[in-house]
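A.B. asks: output the structure for:
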Amino acid sequence: MEYSLHVRMNAHLFLRDPEGSDLGRRIVRQGTLLFDEVGFEEATFKKLAERLNTKEASIYRYFENKHRLLVYLVAWYWQWMEFQLVFQTNNLADPHEKLERLLRLVLLKDVAPTATDDIDIRALHGIVVRESSKAYLTRHVTEDNRHQLFKPYKDLCSRIAGIILEYHPDYPYARSVASSLIETAHYQTFFMQNLPSLTDFASKPGNTGGDSTKLLRFMRHLLFSALDTPTSP
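C.D. replies: Numbering: from 1, shown residues only. Predicted structure coming up:
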């Protein structure tokens with residue numbers, strides 16, 4: 001199924017709303033591809049301007065710096081992820097089924113590359129896996145948090161925690177498990193692609209992407225072992 005998703009973004013993330021113009025939309029789309037191809041450290045607005053055949057100053061009219069663009073992209077992804085979670089679990093009554101669907105979603109399994117507008121969702125997922133912690137591991141995290149730049153991530157974790165509590169109403173660590181699931185999925189994906197000795201899901205010869213099916217089984221074990229184990233009062 002193909003559909004266009006319009007995400008309303010926090011106005012503190014940009015100087016001028018990029019979705020309000022053709023150039024702005026191209027900055028976001030091509031910025032996604034640039035960050036995915038060369039990484040956050042090597043990406044510059046000069047390189048992005050060259051891709052867009054525009055002036056570097058034009059990009060600065062939309063984003064204060066490349067870190068703000070990164071935070072924008074990561075926040076967009078979290079909002080897209082929450083939409084997907086709601087959409088894919090809307091007709092499910094069993095919380096166990098909802099959690100199974102969640103696990104596949106955080107690993108981006110069963111998601112068609114065209115299941116959004118023209119943002120390359122798999123490229124954006126790669127950015128989130130490699131770079132998302134850089135969005136908040138900064139000296140100005142408190143100020144950014146005050147401006148609610150991380151609200152999309154918090155909202156997603158809150159929704160996941162809600163499903164966890166559907167499954168186990170008395171579970172005392174729902175929010176911690178929610179954020180840990182996402183971070184574990186991303187760190188293990190990064191490790192199996194780049195630091196294989198830190199994971200059990202490293203690539204075998206001829207498979208450069210790692211064993212995502214085995215990772216899914218591990219995530220399932222991690223989640224349900226925690227939820228099905230009695231907790232102390």
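A.B. asks: the strands in this protein, which residues?
C.D. replies: Ranges of strands in the chain, per DSSP state E: none exist.
A.B. asks: who's in contact with the closest residue to residue 224 other than its chain neighbours?
C.D. replies: Residue nearest to residue 224 in three dimensions, not counting chain neighbours: residue 99, with 7.7 Å by CB to CB, 6 or more residues apart in numbering. Just so you know, the C-beta spots here come from the backbone N, C-alpha and C atoms, and that holds for glycine as well. With contacts defined as CB atoms under 8 Å, 6 or more residues apart in numbering, the neighbours of residue 99 are 163, 164, 167, 223, 224.
A.B. asks: among these, who's most crowded?
C.D. replies: Neighbour counts for those were taken using other CB atoms under 10 Å; the highest belongs to residue 164, with 25 neighbours.
A.B. asks: returning to that earlier point: of the contacts of residue 99, which is the nearest to residue 11?
C.D. replies: Distance to residue 11, by CB to CB, is smallest for residue 163 among the contacts of residue 99, at 29.9 Å.
A.B. asks: and the closest residue to that closest one other than its chain neighbours, how many neighbours?
C.D. replies: Of all residues beyond its chain neighbours, the one nearest residue 163 is residue 98 (4.9 Å), with distances taken as CB to CB, 6+ apart. Using other CB under 10 Å, residue 98 is surrounded by 20 other residues.
A.B. asks: before we move on, back to that, distance check, the residue nearest to residue 224 against residue 214.
C.D. replies: Applying CB to CB, to the nearest Å, the value for residue 99 to residue 214 is 19 Å.
A.B. asks: export stretch 164-175 to PDB, keeping only CA atoms.
C.D. replies: In PDB, the C-alpha atoms belonging to stretch 164-175 read as follows (Å, rounded to 0.1, in the frame of the first residue of the first chain):
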ATOM      1  CA  ILE A 164       3.200  -3.400  27.400                       C
ATOM      2  CA  LEU A 165       0.700  -2.500  30.200                       C
ATOM      3  CA  GLU A 166      -2.100  -4.100  28.200                       C
ATOM      4  CA  TYR A 167      -0.100  -7.300  28.100                       C
ATOM      5  CA  HIS A 168       1.000  -7.100  31.800                       C
ATOM      6  CA  PRO A 169      -1.100  -4.400  33.700                       C
ATOM      7  CA  ASP A 170       1.000  -4.600  36.800                       C
ATOM      8  CA  TYR A 171       4.500  -4.500  35.100                       C
ATOM      9  CA  PRO A 172       6.500  -1.800  36.900                       C
ATOM     10  CA  TYR A 173       9.100  -1.000  34.200                       C
ATOM     11  CA  ALA A 174       7.000  -0.400  31.100                       C
ATOM     12  CA  ARG A 175       8.600   2.900  30.000                       C
END
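A.B. asks: chain center to that stretch, what's the gap?
C.D. replies: The gap between where stretch 164-175 is centred and where its chain is centred comes out at 23 Å by CA atoms, centre = their mean, to the nearest Å.
A.B. asks: next one: stretch 80-94
C.D. replies: On the basis of CA atoms, centre = their mean, stretch 80-94 sits 16 Å off its chain's mean C-alpha point.
A.B. asks: now swap in stretch 73-83 and tell me
C.D. replies: The chain centre lies 6 Å from the centre of stretch 73-83; the measure is CA atoms, centre = their mean.
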